[in-house]
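Enquirer: have a look at this prediction, sequence included:
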Amino acid sequence: MQQVSLLAKMVDIEKNFGAVQALKKVNLEIRPGEILGLLGDNGAGKSTLVKILAGVFPPDRGEIFFEGKQVSFSSPKVARILGIETVHQALSLVDVMSISRNFFLGREPTKKIGPIHLLDRKKMNGECQRVVTGLGVRVMSPNEFVSILSGGERQAICIGRAMHFKVKLLILDEPLAALSVRETREVLRQVEKVRESGVSVIFITHNVYHVYPVAERFVMLDRGIKIGEVYKKEASPEDIIEIIATGKMS
Amino acid sequence: MKEPVKSIGIENRKQTLSFSQIRRCPEFGVILAFLVLLAIFSIFSSKFLTLRNITGILTIVSELGVMTIGVAFLMIAGEFDLSVSSLYAFSGFLFVTLANKYNSPLAFVITLAIAAFIGFCNGTITLRARIPSFIATLGMQLLLRGSLLAVTGGESVSYKSDAIMPTLLTRFIGFGFRPSHIWFIALTLIFSIILTNTRYGNWVFATGGNREVARAMGVNTNKVKVTNFMLSALMASLSGCIVISRFNLANASFGTGMELEAIASAVIGGTFLTGGYGTIIGVFFGALLMGMMRTGLVMIGAPAYWYQTFVGAILIIAATINLKLRHLEM
């Protein structure tokens, strides 16, 4: 019963990088339509854990279930086809490519001319312009390079892209790092909107105040070990900081 | 308080946008340089703008250009291929040897297949051993050239077979034009369309621009790189077959140093050394510029030795401009 109602489940995940044990028997559950705050200090293993879930690299040991079925991802492409997408500050857009080329990267629409499939650039530019404008990002043309966008605009476009392609699980890896106050508020508003549309979100941050207003549940990691899991109603932000700082649930 | 901040932001964006527009048309610089040099050579040498001279330049340019297209296509995906010059000589030799034994179409096909395999090895070594392609393909360059010299002992082999492939590749077709000119132009157009108008082209840009992002977005970056290594090898091989068909002679020392000329043409044509950016039309003009300088300098009376000096100067200028534009962009 429990199994079916979960969107994704990671069981006893272990991962080593050389002599460093990055994850030790970590379990993680994601329910449909929830925002899960994944917290921990630098080097806690947060990013490693979600990279495994997104197919960037495989775990050394452990199992992953998605929509009730056991899965193993050989590449991010496989995870992406199932509907898992990561938005990462440094890993989601290619600077020297145009906005529309980035928007459709890996999912480019084509049109057939004879036996040849060519990019449908008209559709790419049109759809991209529509979505981006809808997000409140003011660009002169979808042919502009991504490198001229601000951090907040990049996050907005990445999240908008994930929504456009109807992902089921959106992983936000430190989405507010290096954002201005106003941009932070914009991105949080967007995350709320994502939840309203029924998509599950994993929100990774080391700043509990960023995620506390939007998330329902929090998981804390420390040096590769899951040290705690609390619901919002059970703990205040200060309690959560205490758990992270001391490394244990009191 | 709110308004001025916003307007400053937009002001800045407009400024960067104008650079962005230049950036999106990277052929601009090389075409301008091409026209300037064309004008200079035409003014100082009355024989420069003659059909005979132009077709002569085109013949040299086509052979370098076909190789450069492959090299640039790979550079855009973020890797180097220094083995192209050796592959060029190796392919020519293999083609002549096989053609003398069997027939030229068969020799051509086998030569290309073996070249593609060598390209596959270049790619696989680079990715599996995780060494920079600069080193991997430098090794392959020395390895191929060395074997070729050792096996042939430096002796040339002349072509004594049918006229099928030479006719298709390089025999005169009238007014001084050769099929190789058509090959070069056709391949420029084909690769240009692949790069800018297909899904694969988008993956090539992304792989060179930021490999990790490309991979995270579901692009099989290893496959893209290996494919491009193979294409680079194929183009170098084709170029070698063309040259040998023109000279009717293969020698192990053919094409020495040509890999750097190809890379220089690509950079002059606006391709980023760091990958992720470039156009095939730019490369076309880059190769054209190189070929034109070689002939033009001689025709205006400069000693032939000055050719490399000019190439060097233009290369440095082109690379500097590329980098400056990129910084303005960021």
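Expert: That came through, no problem. Just so it is clear, the model here is predicted, and its values are computed rather than measured.

Enquirer: show me what the helix or strand in which residue B:194 is found is packed up against.
Expert: Residue B:194 is part of helix B:179-197 when elements are defined by DSSP states H and E. Secondary-structure packing of helix B:179-197 (3 or more Cβ pairs under 8 Å, 6 or more residues apart in numbering or on different chains; DSSP states H and E): strand A:116-119, helix B:51-76, helix B:164-169, helix B:199-209, helix B:221-247, helix B:280-299. For glycine as for every other residue, the C-beta is placed from the backbone atoms N, C-alpha and C.

Enquirer: give me that answer again for 7 Å
Expert: helix B:51-76, helix B:164-169, helix B:199-209, helix B:280-299 (3 or more Cβ pairs under 7 Å, 6 or more residues apart in numbering or on different chains; DSSP states H and E).

Enquirer: what does it rub up against?
Expert: Contacts to helix B:179-197, defined as Cβ atoms under 7 Å, 6 or more residues apart in numbering or on different chains, come from residues A:118-119, B:58-59, B:62-63, B:65-66, B:69, B:73, B:168-170, B:173, B:200-201, B:204, B:242, B:279-281, B:284.

Enquirer: what does chain A have sitting close to chain B?
Expert: A:56, A:76-77, A:80, A:86, A:91-97, A:101, A:105-106, A:108, A:110, A:117-119, A:140, A:143-145, A:147-148 (Cβ under 7 Å from any Cβ of the partner chain).

Enquirer: any of these buried? List them.
Expert: Listed as buried from the residues of chain A next to chain B are A:56, A:76-77, A:80, A:86, A:91-97, A:101, A:105-106, A:108, A:117-119, A:143-145, A:147-148; burial here means 16 or more other Cβ atoms under 10 Å in any protein chain shown.

Enquirer: circling back: tabulate the helices and strands packed on helix B:179-197 in JSON lines, adding columns for mean pLDDT and mean neighbour count.
Expert: Listed next are these as JSON lines, based on pLDDT from 0 to 100; neighbours: other Cβ atoms under 10 Å in any protein chain shown:
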{"stretch": "helix B:51-76", "mean pLDDT": "94", "mean neighbour count": "24"}
{"stretch": "helix B:164-169", "mean pLDDT": "89", "mean neighbour count": "19"}
{"stretch": "helix B:199-209", "mean pLDDT": "95", "mean neighbour count": "25"}
{"stretch": "helix B:280-299", "mean pLDDT": "90", "mean neighbour count": "24"}
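
Enquirer: tabulate these in a markdown table, adding columns for distance to chain A.
Expert: Converted to a markdown table, those look like this (distance: least, Cβ to the nearest Cβ, whole Å):
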| stretch | distance to chain A |
| --- | --- |
| helix B:51-76 | 10 |
| helix B:164-169 | 24 |
| helix B:199-209 | 4 |
| helix B:280-299 | 15 |
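
Enquirer: those: which one's closest to residue B:43?
Expert: Among the helices and strands packed on helix B:179-197, helix B:280-299 comes nearest to residue B:43, with 10.9 Å by Cβ to Cβ.

Enquirer: what is the closest residue to residue A:28 other than its chain neighbours paired to in the beta sheet?
Expert: Sequence neighbours aside, residue A:10 is the residue nearest to residue A:28 in space, at 4.3 Å (criterion: Cβ to Cβ, 6 or more residues apart in numbering or on different chains). Assessed by DSSP bridges, residue A:10 has beta-bridge partners residue A:28, residue A:64.

Enquirer: and residue A:10, how many neighbours?
Expert: Residues lying near residue A:10 (other Cβ atoms under 10 Å in any protein chain shown) number 21.

Enquirer: what helices or strands is the longest helix belonging to chain A leaning on?
Expert: Scanning chain A for the helix with the most residues, using DSSP state H, yields helix A:181-196. When contacts are defined as 3+ Cβ pairs under 7 Å, 6+ apart, helix A:181-196 sits against helix A:151-164, strand A:200-205.

Enquirer: single out the most deeply packed of those.
Expert: Highest mean neighbour count among the helices and strands packed on helix A:181-196 (mean count of other Cβ atoms under 10 Å in any protein chain shown): strand A:200-205, with a mean of 24.
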